[in-house]
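Student: Just a sequence and a predicted model for now, questions to come.
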Amino acid sequence: MTEFIPPGTRWHALSSPFPMKRGGALHGARIAYETWGTLAAQRDNAILIVTGLSPDAHAAANADNPAAGWWEPMLGPGKAIDTNRWFVVCVNSLGSCKGSTGPASIDPATGDLYRLSFPELSVEDGAAAAVEVVRALGIGQLACVIGNSMGGMTALALLHAHPGIARCHINISGSAQALPFSIAIRSLQREAIRLDPMWNGGHYSDAAYPESGMRIARKLGVITYRSALEWDGRFGRVRLESDRPGEDPFGLEFQVESYLEGHARRFVRQFDPNCYLYLSRSMDWFDLAEHAGQKHVDDRTQGDDVMAALASIRLEKAMAIGATTDILFPLQQQEQIALGLQAGGADSSFVPLPSPQGHDAFLVDIERFDPAVRGFLARL
């Protein structure tokens, strides 16, 4: 498989060796990033965006790439994240296939793809890599770190490991630890990929690619990214045409099935399966409670550890936003983040938004998310 690198991508060469949290190190690794706006002379207007599992660094159109980005409605001149005021950096996650070093990259020691020889990946590794980009750009302290979904995890890991690196934080549909439901879903997604014979222990190619496994994994993901309320409103029980000759008797019958199939087919050849496995597992492993310095005894103690770890993060202001219909990163996780950061002394707010669009609401329900982000940044 090849990497999928958007035009205009910039790269930062990571320190070499770059140590990984769970053992091993990367040599000659890099992180892809893009920027918008102008860094002030005082270098005090920088915002870092850390992303979810699949996005690249191209969050919005810029001079290097005029194509619309994955967060185009939120980022740009006059928008909620106003690039007339802020210098914005968005990094592609370590372990991805969108320009940063990951399992689909060449291992300089062998000249072949890393595949499953890539070291075990953690969210903390992605946070450490993002910090290197910030430092390389000459930024001593960020005005704000914004993390979406998995990026919300990355942001918390970054803020905890690097005290004082940012004044403020916006955590959007993120969490301080993976919950059992989310772990279960991601486990099924990984199993679908690994059980596809074409996965072949990670040794697939463009010609022999685990298409079925990736399709099923993506369908499972899309189902959890949205909500039952939205599925009902968008599709109801509307059927497709069912009188086509030679049709599979157990094939697609309802419009919602057709939607999932189309969405999955557009995704599967645009993301590397091994990278998907590594990034997915890194979310399951993430638990900020590990950094509280206490041993888990039961669920109550574990919750205390998460709050203790959050309270050890020092910020001026923070905001945690979530959608009421999010089942993957449920609303109580954003409330926990807001309360934990408040316990650490931050002026912290929790903003539950009544969006019907589930976990993906921050990408599509701009009417609700724009005012929250815009208002927070305007007050800085």
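Tutor: Thanks, I have it.
Student: only C-alpha atoms for contact and neighbour calcs from this point on.
Tutor: Noted.
Student: Can you tell me the SS state at the residue nearest to the spatial centre of the chain?
Tutor: Centroid-nearest residue in the chain: residue 52, 1.1 Å away (criterion: CA atoms, centre = their mean). Going by DSSP: H, G, I helix; E, B strand; the rest coil, the secondary structure assigned to residue 52 is coil.
Student: mind listing what it touches?
Tutor: Residues counted as contacts of residue 52 (CA atoms under 8 Å, 6 or more residues apart in numbering) are 147, 148, 149, 150, 151, 152.
Student: now it: how far from residue 282?
Tutor: As judged by CA to CA, to the nearest Å, residue 52 and residue 282 stand 12 Å apart.
Student: Residue 152 now?
Tutor: To residue 282, residue 152 is 13 Å away according to CA to CA.
Student: So which of these two has more stuff around it?
Tutor: residue 152 (28 against 21; other CA atoms under 10 Å).
Student: Identify the residue spatially nearest to the more buried one, adjacent ones excluded.
Tutor: Spatially, and ignoring its direct neighbours in sequence, residue 152 is nearest to residue 174 (4.2 Å; CA to CA, 6 or more residues apart in numbering).
Student: what about the one you found, distance to residue 340?
Tutor: Using CA to CA, we find residue 174 at a distance of 14 Å from residue 340.
Student: Average pLDDT for stretch 230-245, rounded please.
Tutor: Averaging pLDDT along stretch 230-245 gives 80.
Student: centre of the chain versus it, how much separation?
Tutor: Stretch 230-245 has its C-alpha centroid displaced from the chain centroid by 31 Å (CA atoms, centre = their mean, to the nearest Å).
Student: what does that stretch rub up against?
Tutor: Contacts for stretch 230-245 (CA under 8 Å, 6+ apart): 252, 253, 254, 255, 256, 356, 357.
Student: gap between the nearest residue to the third one once chain neighbours are set aside and residue 374?
Tutor: Counting by CA to CA, 6+ apart, residue 239 is the residue found nearest to residue 254 once chain neighbours are left out, at 4.2 Å. Using CA to CA, residue 239 is found at 41 Å from residue 374.
Student: roughly how far apart are residue 103 and residue 230?
Tutor: Residue 103 sits 35 Å away from residue 230, taking CA to CA as the criterion.
Student: do residue 57 as well
Tutor: To residue 230, residue 57 is 28 Å away according to CA to CA.
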